[in-house]
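Q: here's a sequence, model it:
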Amino acid sequence: MVSSKPEKYSFGTEILRKLVHLNGIYLVLLYEFFGKILTLGVLTVALVIALEAEYFRIEWEKNIPLFDVLFRQKEEKTLGGHVFLAIGAIIVISVFSKEVAQLAILMAVVGDAAAAIFGRAYGRHFIPGLKGKAIEGVFAEFVADIIIGIVYFVLFCGGIGSMWWVVLVMMAFSATITETVCSRMDDNLLVPVFCGFTGEMLVVLLGISSIIII
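A: Residues are numbered from 1 along each chain as shown. Below you'll find the model as predicted:
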């Protein structure tokens with residue numbers, strides 16, 4: 001999430017990295033306006049291209065112009081976060097209901113960006129046992145997840161029903177906890193899958209079949 005000391009790049013580079021990460025929002029728009037099948041097709045093509053680029057970057061140690069500076073030290077010999085985000089997006093879109101999948105993707109990209117930027121800029125209180133995890137970043141992620149969820153429901157659903165409030169809050173909580181405790185595995189994969197699973201289970205348990213505006 002956030003670190004008190006940058007690895008090898010500046011705070012400005014971190015912001016640039018997260019701005020690129022926010023391109024995941026386009027997946028939600030693509031899904032909303034062009035449907036599930038087309039979105040999965042685009043994602044699959046993008047994933048194949050990304051894997052080919054990663055092959056040359058990792059196996060042949062070839063630099064990728066303009067993008068090489070955005071890779072963290074731990075990603076120099078492993079797949080980049082964008083690959084895991086694409087895989088995570090494919091999973092949630094394929095398996096979960098539309099609203100849950102879209103929320104999961106939004107939380108994965110917006111919440112992560114908020115945690116990294118606010119945590120690095122304003123992080124003063126770090127959680128014991130979780131290296132580089134600032135309470136300020138954790139709080140920023142949870143709030144950002146709630147806000148982006150509200151924006152989503154207002155723009156695409158006309159509002160949010162009482163039961164969907166439960167789903168939204170619990171998905172935001174799941175995304176925040178997953179992002180916070182994740183250190184060895186890639187959160188770009190775990191966050192959308194775990195918070196999406198949480199949301200889908202609640203949809204089933206609460207018997208939600210459609211967006212009901214209250």
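
Q: how far does the host helix or strand of residue 148 sit from its chain's centre?
A: For residue 148, the host element (DSSP states H and E) is helix 135-157. Its chain's C-alpha centre and that of helix 135-157 lie 12 Å apart, by C-alpha atoms, centre = their mean, to the nearest Å.

Q: and stretch 44-52, by the same measure?
A: 18 Å.

Q: still on that earlier bit, elements contacting the helix or strand just after the helix holding residue 148?
A: With elements assigned by DSSP H and E, the helix or strand that comes after helix 135-157 is helix 162-181. The helices and strands touching helix 162-181, judged by 3 or more C-beta pairs under 8 Å, 6 or more residues apart in numbering; DSSP states H and E, are helix 98-106, helix 112-122, helix 135-157, helix 187-206. The C-beta positions use only the backbone N, C-alpha and C, and glycine is treated the same way.

Q: can you list the buried residues in the first one?
A: Going back to what we said before, that points to helix 98-106. 99-106 (16 or more other C-beta atoms under 10 Å).

Q: make CSV from these and add distance to residue 175 and pLDDT to it.
A: Formatted as CSV, the buried residues of helix 98-106 follow (distance: C-beta to C-beta, whole Å; pLDDT from 0 to 100):
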residue, distance to residue 175, pLDDT
99, 15, 95
100, 12, 96
101, 13, 97
102, 13, 97
103, 9, 97
104, 8, 97
105, 11, 96
106, 10, 96
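
Q: okay, which residue is most central for this structure?
A: Taking C-alpha atoms, centre = their mean, the centroid of the chain lies closest to residue 108, which sits 1.4 Å from it.

Q: shouldn't that one be in contact with residue 87?
A: No. Using C-beta atoms under 8 Å, residue 108 is not in contact with residue 87, being 11.5 Å away.

Q: what's the next secondary structure element after the lowest-mean-pLDDT helix or strand in the chain?
A: In the chain, no helix or strand scores lower on mean pLDDT, DSSP states H and E than helix 11-21, which sits at a mean of 56. Per DSSP H and E, helix 11-21 leads on to helix 25-34 as the next helix or strand towards the C-terminus.

Q: tell me which other helices or strands the very next helix or strand once past that next one touches.
A: The helix or strand immediately downstream of helix 25-34 is helix 36-58, counting by DSSP H and E. Contacting helix 36-58 under the criterion 3+ C-beta pairs under 8 Å, 6+ apart are the following elements: helix 25-34, helix 81-95.

Q: chain center to the longest one, what's the gap?
A: For helix 81-95, the separation from the chain centroid amounts to 10 Å (computed by C-alpha atoms, centre = their mean).
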